[in-house]
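Trainee: Sequence first, predicted coordinates after that:
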Amino acid sequence: MDLEKLRETAAEVVAREDVKYLIGWKNGSYGYRVAPAFIEDAEGAAELIFSPLCISNLSTYLTLVEKLPLPRGQEPDTRKIALMVKGCDSRAVTQLLVEKGIERDGVVVIGCPCPGMIDYDLLAEKYPETEGLSEVKWTDDGFLVIRDGEETNVTRDELLAEKCRLCRYPNPLISDIMLGEPVETWEPAEDKGVEEVDKKDVNGRWAYWEEQFSNCIRCYSCRNVCPLCYCQDCILDRLNPTWVNRAVNFSENTAFNIARAFHLAGRCIECGECERVCPANIPLGRLNRKMAREVRDKYGFEPGLDPEAEPFQASYKPDDPEDFIL
Amino acid sequence: MSANNEPNIVAFLCNWCSYAGADLAGTSRVHYPSNVQVIRVMCTGRVNPLYVMNALQQGADGVLVSGCHPGDCHYMEGNYYARRRLGMLKDLMEFVGVDPRRFHMSWVSASEGHKWKEVVEKTVEDAREAGSFEGFRRRQIDW
Amino acid sequence: MSAMLLNKEKWPDFVGKLTGKQLWAPQIKDEQLRFAPVAEGEEPALDYKNTRVPPKNVVFPQTETLFRFQVDGEEVDEPKLDEEVVLLGVRPCDARSMVIVDKLFSWDYDDPYYARRRELVTMVGLACSEPGLNCFCPSVGGGPASTEGLDLLMVDLGENYLLEAITEKGEALINETKELLEETRDANLEQKEKVINEAAQKIKRSIDPEGIPVGLPGLWEDSLWQRVSASCLGCGTCTFLCPTCHCFDIQDETEGFESRRCRTWDSCMFEEYTLHTSGHNPRPSRLERTRNRINHKYNYYVDKFDVIACVGCGRCINLCPVNIDIVEILKQVKEAL
Amino acid sequence: MKTNENPYIPYNATVEDTWFETGGERAIKTFKVVLEDDEARQNWNHRPGQCAMIGVLGVGESMISISCSPTEGDFLRFSVMRMGKVTQALHQLEAGDKMTVRGPYGNSFPLEEWKGKQILTIGGGIGQAPMRPIVEYVKANYDQYGGLTMIYGARTSGDLCFKNEFEEMRKNEELSCHLTIDVEEEGWDLNVGFVPSMLMDLNPSPENTIAITCGPPIMIRFVLENLKKLGFEDDQIYTTLENRMKCGIGKCGRCNAGGMYVCKDGPVFDYATLKAIPEAFA
Amino acid sequence: MTDKPKVGVYICHCGINISSTVDVEAVEEFALKLPSVKVARTYSYMCSDPGQALIKEDIKEQGLNRIVVASCSPRMHEPTFRKAIQEAGLNPYFLEMANIREQCSWVHEETEEATAKAKKLITASVAKVRLLEALEAKEVDAEPAALVIGAGIAGIQAALDIADAGFKTYLVEKTPSVGGRMAQLDKTFPTLDCSACILTPKMVDCASHPNIELLSYSEVEEIGGYIGNFDVKVRKKARYVDFDKCTGCGECAAECRVANRIPNEFDQGMGKRSAIYLPFPQAVPAKYTIDPENCLYLSKGKCGKSPKCQDVCGAEAINFEQEDEIVEFKVGAIIVATGFDPFDASRKPEYGYDDYPNVITGMEMERLVSASGPTGGKVMISNGEEEIEPKEIAFIKCVGSRDESVGNEYCSRVCCMYTAKQAHLIRDKLPDANIRIYYMDVRAFGKGYEEFYDRVRRENVRYIRGNPSEIFKRGNKLVVKAENTLTSTPVEDEVDMVVLGVGLEPRAEMRKVMDLLRLSQSPDKFFLEAHPKLRPVDTATDGVFLAGCCQGPKDIPDTVAQAKGAASSALIPLARGKVTIDAQVAEVNEATCRGCGFCVEICPYTAIEMTTVNRFGHEVEVARVNEALCKGCGSCSAACLSDSIQPKSFRDRQILPQIAALGVLK
């Protein structure tokens, strides 16, 4: 993508009176890190980047911003939030519209067609991070990693993030401004992660997840980063009634993760953020993608495509599958 | 499982069909295993799928949800919603490795006392085969 | 206090000697490095930078039963804590964190659970020869071979580990394993200095905390807090992974007729942490919470206990999903002063 | 209970008497409780202003101000507003029921230091609870103080706590007891108006006086403003803070206001200290 | 939940029904140890007066505030015990029943297992009852008036019944006249009464009834509210004829410039009318209406020098300035009687209905044989070349019924009989004609129907079993191609005329009524009744009832019966003057609601609406429950991700402890 164009567009957008700020990506503090950027002026816009490291889904910030009590008489700031989205991120925006989490008028969606993002862990493993800022660019057939001035060409296959391998919607599905031409979509890969679990027998799967969920430290980063986990008062935090105890142990962790996965069934737009942020490396993406796959295959439904769609969990079809019924 | 190694099963029955069907089984003096404890709800649509998880966590070895046949819901659509939600839950639980024999759903009408017996027998038998589910208990960890 | 050499070939024997106590050491489990009890036949992994999760749960478990009781009952049962633990391979920063946390847990009231677990643990440290990218322990009073909080320090000298007893507990450990150890020579100590110096050289990140504790109150209303907190997700990663974070929640949990009062790690980054029942929240947004986290470590704790509650382990930087970087924040603080 | 030195393990206490001070959704109920263990009862020695963790096993604990003065006898009093899970469970307790008590915790009003001075308490709503021990203490040691003035208000007369006691006090000519409610109501022939304005109306002299205020945050803010207008110095003004608490002994961190552990460094603060805690009025 | 729960557990022996299998004493002893339980007792018959007295006494004397009755099914005696504890001064909803008879003692044989199960069930009941909340069943006043939508025979009958009972009834009819489909029919089977003769008096009655306000040529625009309190808005379309001035003389129609040029809907388009018209001679009200689409003046702005109707109308009733009028009123109950549409035969192109003039539908046949019809009752038909009196006549049944290819799997119930009737009528008029009827099955189930069918067969009407596959033209004849499935022989039958026995379909415009009233469709697309057996005239919307063919195909006697049923159901709230609103309804915690609207989508009763509230200065959308519409099913709740909407008495915080209690006892 043409960074000049991006920054120019961003500067124009934030200059608008009806726009409060723009959320995009900027270089992080070192190495391959990229940080969310909250841009309010042209100067800030000049920091924006769009690179294969911009894997994070910024749409979560649309609902994360606190609506603090306003002093009597003060009007809420209803200016729009501008947001940069990749294909996957845009589905989150659409799903938020379906669920009335945001209003269409409240956002300016800046679409960034996405050729695929890099898996940070793979990258750092192969080309260890250094304290200076590194840069990664797209090339025709992969990525160019520029680290301490040293350039390395890497094939796409080597570093492409798992969610991008599986991606079916690299181009934003909803946008007000589109930056650049749509990218050509690619054949989504087999979901080996889900299949690896799927092919185990039931006890094997339990053993697998037992190991994973035992590691959960209940930091709630998966929930907080999720653009669709936006209840002000999550039931899994609540104590009356208690769905999940505060105790951190396998049983409660499993209950937490099952409940979250269930709440996301038919809503998860497969941005993979939960898995990316998990400090315990729990493959949450497998859980959510499995559900997304079931919803797609069995119920013919995909969330985040149509802002007018009936929410999956709030609808039914008379001929929904019922082979599991006795 | 109970001391006599019998599975403990929690069943959620809709008031209008399945609960009435279970009552009919009683009126007809149909005998069936005593492992199934019923929680009455107005409609299967009320059954939050997380109840199933919660029951397994809190001591059940199996869970049953039973309601009106499709099209017969007292509230017209509740069982359709339940079917979708619980179908999803079943898929999720299976993927997580919960033995599918631990969770069943059935349609039992108010006139199907005998079907209720069969459903109970099947549920109990399946849960028995699946064994105790201590692995997921909300147990208090050691000191 | 004595210093001895342990030939690496004898390492398994050395580990084997530490019987009768529960041995916690870094191990690769589920493709991850973490502190875990070492089972028979398992070998600790010492060739590592540091674990993702610090070993603080050895003395401050993430979930800990305070006591148990029957529903509707009046008598309570306390846990009996008597198992001795050897924490093997702990990094100096993590060991130092315990010394820092000790101050709070013994402030006027001894926290009996923490105190007891501290008593029962023997800390066998491993000096860092390959510090991580985000390590900055020297900036906050530590170092790659800091002995604070350790009973025994191990330094990797290539073929050997140098074992230095720091406390009586450490001395006892050396005595128990004496037959495996060799006397040190001067060259070993020189080599140690070299390893440590080299390690210190490799630490790239730094911040001079001078002026921060006294300066932070003046920056209360500074715009930097908005800047650094805007991207915060409000998750507990930074605090749960912080070896000095020590806040907790207490809850009564009941299963059937059995209840317990237990405590679990809590995080000041959670909205619910300070939320009053009335709905009022003294720290209503991520801004106040981020500001509190920095202030607590670099101002309040210094005020109260005369030490910065940060050991520079870099975990919060490594694992923050949105690159909130405490060194960067501190730099901004210094700029703003 | 309390089998050892473990500060997390509470004493058992018996509720001797309970009554409602106010009604409604957020009713206030007062509990008179007695520790069961003889030794514990004898060793219990709280000072006005201190708090205790009271609770119900299986539900949890809440930090509640001890609303009686040690001069009143071998019992404890707590006035509890029904808010959350724990206070709801406490409200269900009746005479003869058990509750748990840990404490006393926190600092206290420096009543020794204040000897010889005029004591002015300014309370609102449930905020009178921590001040009641001061009032009782000063009443019990009246000759050692320069006098006692009490201002207390609530939204309606039904929201006033300890009403009966004030009736008594208003009859006592030595004491100066002023009640107010926010809006007119039938049968109320005392002052109508907000507490801060009543303070201005009474116009107390700051000379040799200590002012203690406690109540809703908004009231406190205006009372502090008005006290300053009246010429009170920062070190003549005291108030109490409350925050979420879990341990009560300065460990869990919940109650932090700035660097202060409200449970240990507080709950009593003079205004000079308070001003340095930016989160105190958050 | 402010008081401390003090639970009484009452264990019924039920004679020996329970106690012979369940060790009730052991259960009693067990129950006493459960948290919050202050009293546990057993008694031979808890439901008996002394049994109830036991409970009441304990409530008063022991201060019990929650009651668990362990006995038979709550479906049996929950009301009994609710009433009992209410009489003792307790909120009736502080009751929980443990079903230890139907679901325990009667289904388990061993005392040990039955007793163990009874203990569990009681533990769960105690766990729940401690957390129940006091509920109030509310009553609201019901407006003593009804709305009937559609003035066919169903609507007319329903309106007359309600009006006769003394209540104001608004009868809304879309077309200019009441009468509906029945008015179009010639004779009625099996009695062969003249349809108009039996219908017209009722039409006149409803126009003149003091309690009926007839709103013809009107459509319902909006309906809000709920049972007892519906707010209705009706659009009275402009007739361009002053209703009060028009005398119905008809001079205007005769003079109309487009007279006899507009297909007459009443005659299925076979006859012609003017732009100003009376739909049919017996129309009620007998007031003329100008059809604005065909009136030259209204559609083109010009009609000669001046509109002739205006010129000729002595009453000066013509008013081209007239505008639609909106009428608003309140009613307590609504009856939907919107009728049906005949199946559109064009959808079976193989029968050539669009191609051959001598292929007609049953409805057209009704007009053709009617003395008031376009031919004056003479059976004459064009074969495409000339008007002939048909000699060879074929009927085809089940056209558009029982036919998956057109999406109608149902039987239309009237076609068998009306084809038989029409065959009989033709036989009357054309004694020499050869009449045959192609059929799949003959269903003559009603009173006198089989007899009538027999009679028609004896009148030399041939029944050929086979469903024709095609109709085509050969010379000046039509060829019906079929297979006689009884003889397995192919048939190519040359005829002069084919009558298609078209079935009944839901009204094309029913969607509008559905949306207005929040009704649902059954799989056949007709309106869905609340219960197919036991509540055939009710709908999911309380206070809204169905009558006639809008609910499904039916004949006149069934229609009238259902109309009377609907009327009597509608009369219940009107006569009582009050409606009780169930207390066990859902409630929203507006503080935690995230405003996603899932519950709104789900609620089959549209009892939930989004509303804007101010949350600390921010406007946010939250769900709100209309208690009058909510049935307490709880489907909303299970989908609420923030658990913000909860059915009272079945809240998560009441059910989860029940689940926990069942898991406790091993």
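Mentor: Thanks, I have it.

Trainee: buried set for stretch B:110-121?
Mentor: B:110, B:112, B:113, B:115, B:116, B:117, B:118, B:119, B:120 (16 or more other Cβ atoms under 10 Å in any protein chain shown). (C-beta placed from N, C-alpha, C; glycine too.)

Trainee: And for stretch B:95-103?
Mentor: B:95, B:96, B:97, B:98, B:99, B:101, B:102, B:103.

Trainee: Report pLDDT for residue E:1.
Mentor: Note on residue E:1: pLDDT of 46.

Trainee: tell me how far the ends of stretch B:50-68 are from each other?
Mentor: 20 Å (Cα to Cα, to the nearest Å).

Trainee: Tell me which of the buried residues of stretch B:95-103 fall in helices.
Mentor: Of the positions in these, B:95, B:96 sit in helices, assigned by DSSP state H.

Trainee: Take the buried residues of stretch B:95-103 and lay them out in TSV including pLDDT.
Mentor: Supplementary listing: these in TSV, determined by pLDDT from 0 to 100:
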residue	pLDDT
B:95	96
B:96	96
B:97	95
B:98	95
B:99	95
B:101	95
B:102	96
B:103	96
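
Trainee: Can you tell me which of the buried residues of stretch B:95-103 is nearest chain A?
Mentor: residue B:97 (2.8 Å; Cβ to the nearest Cβ).

Trainee: Now do the contacts for that closest one.
Mentor: Shown in contact with residue B:97 (Cβ atoms under 8 Å, 6 or more residues apart in numbering or on different chains): A:200, A:202, A:203, A:204, A:205, A:206, A:207, A:208, A:209, A:210.

Trainee: Look up how far residue B:100 lies from the fifth one.
Mentor: Shown here: residue A:205 relative to residue B:100, a distance of 11 Å by Cβ to Cβ, to the nearest Å.

Trainee: Kindly report the same for the second one.
Mentor: Relative to residue B:100, residue A:202 is positioned 7 Å away (criterion: Cβ to Cβ).

Trainee: shared neighbours of these two, which are they?
Mentor: In contact with both residue A:202 and residue B:100: residue B:94, using Cβ under 8 Å, 6+ apart.

Trainee: near chain A, anything from stretch C:188-200?
Mentor: No: on the criterion Cβ under 8 Å from any Cβ of the partner chain, stretch C:188-200 is out of touch with chain A, staying 15.4 Å away.

Trainee: Dig out what residue D:150 forms beta bridges with.
Mentor: residue D:121, residue D:177 (DSSP bridges).

Trainee: Tally up the residues packed near it, please.
Mentor: 24 (other Cβ atoms under 10 Å in any protein chain shown).

Trainee: show me the contacts for it.
Mentor: Residue D:150 touches D:120, D:121, D:123, D:131, D:135, D:166, D:169, D:175, D:176, D:177, D:178, counting by Cβ under 8 Å, 6+ apart.

Trainee: mind putting the contacts of residue B:97 in CSV, pLDDT included?
Mentor: As requested, these are arranged in CSV below (pLDDT from 0 to 100):
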residue, pLDDT
A:200, 96
A:202, 94
A:203, 94
A:204, 95
A:205, 96
A:206, 95
A:207, 94
A:208, 95
A:209, 95
A:210, 93
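
Trainee: now, which of the buried residues of stretch B:110-121 lie within helices?
Mentor: Checking the buried residues of stretch B:110-121 against DSSP H, those in helices are B:113, B:115, B:116, B:117, B:118, B:119, B:120.

Trainee: Using the record's assignment, carve chain D into domains.
Mentor: What the record gives for chain D is the domain set D:11-105, D:118-240, from automatic domain parsing.

Trainee: could the contacts of residue B:97 be laid out in CSV, adding distance to residue C:305 and secondary structure?
Mentor: Output for these, formatted as CSV (distance: Cβ to Cβ, whole Å; DSSP: H, G, I helix; E, B strand; the rest coil):
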residue, distance to residue C:305, secondary structure
A:200, 50, coil
A:202, 52, helix
A:203, 50, helix
A:204, 50, helix
A:205, 48, helix
A:206, 46, helix
A:207, 45, helix
A:208, 44, helix
A:209, 42, helix
A:210, 40, helix
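
Trainee: Of these, which is the most crowded?
Mentor: residue A:209 (25 neighbours).

Trainee: Roughly how far does the residue lying closest to it once chain neighbours are set aside sit from residue A:88?
Mentor: In space, and not counting its chain neighbours, residue A:209 is closest to residue B:96: 5.1 Å by Cβ to Cβ, 6 or more residues apart in numbering or on different chains. Distance of residue B:96 to residue A:88, computed by Cβ to Cβ: 24 Å.
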